[in-house]
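**Q** pasting a predicted model and its sequence here:
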Amino acid sequence: MRRAWATGLASCTAMLVLVAAAPQAGAQDKARKARAAASAASAAAKARDGTAAKYAQRFAAECAACHGANGRSDMPLTPVLAGQPSLYAITQLFLFREARRGSDAMNAVAKNMSDDDLRGFSDHIGTLPPVPAPPPAAARIRRAWHGQGRALAQQHRCVACHGAALDGGQQVPRIAGQREDYLKMTLRGFQAGTRAGYTQAMTAAVSHVPVDDLDTLAYFVARFPGVTPP
Ligand code: HEC
Ligand code: HEC
């Protein structure tokens, strides 16, 4: 009887130990999993940092000569990349690679890019803060065009897609502060059908805009927000 009781107690104690040990084992397991997850996350973060550093270097070596070290190009007809959303950049690099958007320079640059390259370069572009346009020479300020440009941007709904600050987002490019010569060329290109867009949005937006108004828009957008006429 006593023995049976003792055995009962022993097995009872064993069960208690088991019950007590179980959550402890669970906690140890959790801690181990958490440590493994943390080290995987830090390995992934390191890999990301490594990739980001690699494309920052490649941008400096392969792109900066034309687009500027900080993404503010001072080469004629070469767009500013600073402040451009990465999704817009990757879309355009893809179009250049597939030769759907024509440019001797960029088709050659993008021809052998892997998908990882498209992503790496556009992620880097997405980190470049916008750089304001240098102030225009006094002789080139045409105050009347600011008001006209503002009105045209409303009338043709440029602001509806590019935003009130003309800074774009996602697949829509920032146009504020872009180079005027590039804006003129590319707006004419959309109108003439020589610049293929990812969508028909731009071709439709400019199809009925007189060429003179495109130039006024380019003037206004390049200096946006610019000086408000008195
Ligand atoms: C030899 C000069 C040159 C080099 C080098 C160059 N680009 Fe370009 N890039 C251009 C020109 C010119 C355009 C405008 C093409 C056009 O529409 O006529 C352009 C356009 C672009 C655009 C589209 C921008 C927009 O607003 O639509 C992106 C993105 C771009 N380049 C990224 C790059 C990257 C990334 C590299 C380096 C891997 C690079 N470029 C190297 C000259 C260059
Ligand atoms: C319905 C939306 C929409 C409207 C309206 C619109 N845009 Fe765009 N715009 C876009 C999209 C999307 C792109 C990217 C082009 C592509 O599809 O590859 C673009 C591209 C551009 C580019 C090329 C930028 C670059 O870096 O190469 C310029 C310049 C531009 N738009 C100016 C304008 C102006 C000026 C107006 C008003 C007359 C306007 N847009 C109206 C959606 C729009």
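**A** That came through fine. Residues are numbered from 1 along each chain as shown. Ligands and ions are numbered 1, 2, ... in the order given.
**Q** what residues of the strand or helix carrying Phe121 count as buried?
**A** With elements taken from DSSP states H and E, the one containing Phe121 is helix 115-127. Taking 16 or more other C-beta atoms under 10 Å as the neighbour-count basis, helix 115-127 is seen to contain the buried residues 117-126. C-beta: built from backbone N, CA, C; applies to glycine.
**Q** I'd like the next helix or strand past it.
**A** Tracing the chain C-terminally past helix 115-127 and defining elements by DSSP H and E, one meets helix 143-155 next.
**Q** can the very next helix or strand once past that following helix be found next to ligand 2?
**A** The element immediately downstream of helix 143-155 (helix or strand, assigned by DSSP H and E) is helix 158-162. Yes: interface with ligand 2: helix 158-162 contributes 158, 160-162 (C-beta under 6 Å from any ligand atom).
**Q** give me the buried subset of those.
**A** For these, buried by 16+ other C-beta under 10 Å: 158, 161-162.
**Q** turn these into a markdown table, columns for distance to ligand 1.
**A** Compiled in a markdown table, these are given as follows (distance: C-beta to the nearest ligand atom, whole Å):
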| residue | distance to ligand 1 |
| --- | --- |
| Cys158 | 15 |
| Cys161 | 15 |
| His162 | 12 |
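**Q** pLDDT added to those residues, as TSV?
**A** Listed next are those as TSV, based on pLDDT from 0 to 100:
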residue	pLDDT
Cys158	97
Cys161	97
His162	98
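**Q** in a markdown table, list these along with distance to Ser103.
**A** Conversion of these to a markdown table gives the following (distance: C-beta to C-beta, whole Å):
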| residue | distance to Ser103 |
| --- | --- |
| Cys158 | 23 |
| Cys161 | 23 |
| His162 | 22 |
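**Q** and the helix holding Phe121, C-alpha only, in PDB?
**A** Below are the C-alpha coordinates for helix 115-127, written out as PDB (Å, rounded to 0.1, in the frame of the first residue of the first chain):
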ATOM      1  CA  ASP A 115      17.300  41.300 -63.800                       C
ATOM      2  CA  ASP A 116      19.400  41.700 -60.600                       C
ATOM      3  CA  ASP A 117      21.200  44.600 -62.300                       C
ATOM      4  CA  LEU A 118      17.900  46.300 -63.200                       C
ATOM      5  CA  ARG A 119      16.800  46.000 -59.600                       C
ATOM      6  CA  GLY A 120      20.200  46.900 -58.100                       C
ATOM      7  CA  PHE A 121      20.600  50.100 -60.200                       C
ATOM      8  CA  SER A 122      17.000  51.200 -59.800                       C
ATOM      9  CA  ASP A 123      17.100  50.600 -56.000                       C
ATOM     10  CA  HIS A 124      20.200  52.800 -55.900                       C
ATOM     11  CA  ILE A 125      18.500  55.500 -58.000                       C
ATOM     12  CA  GLY A 126      15.600  55.400 -55.600                       C
ATOM     13  CA  THR A 127      18.000  56.300 -52.700                       C
END
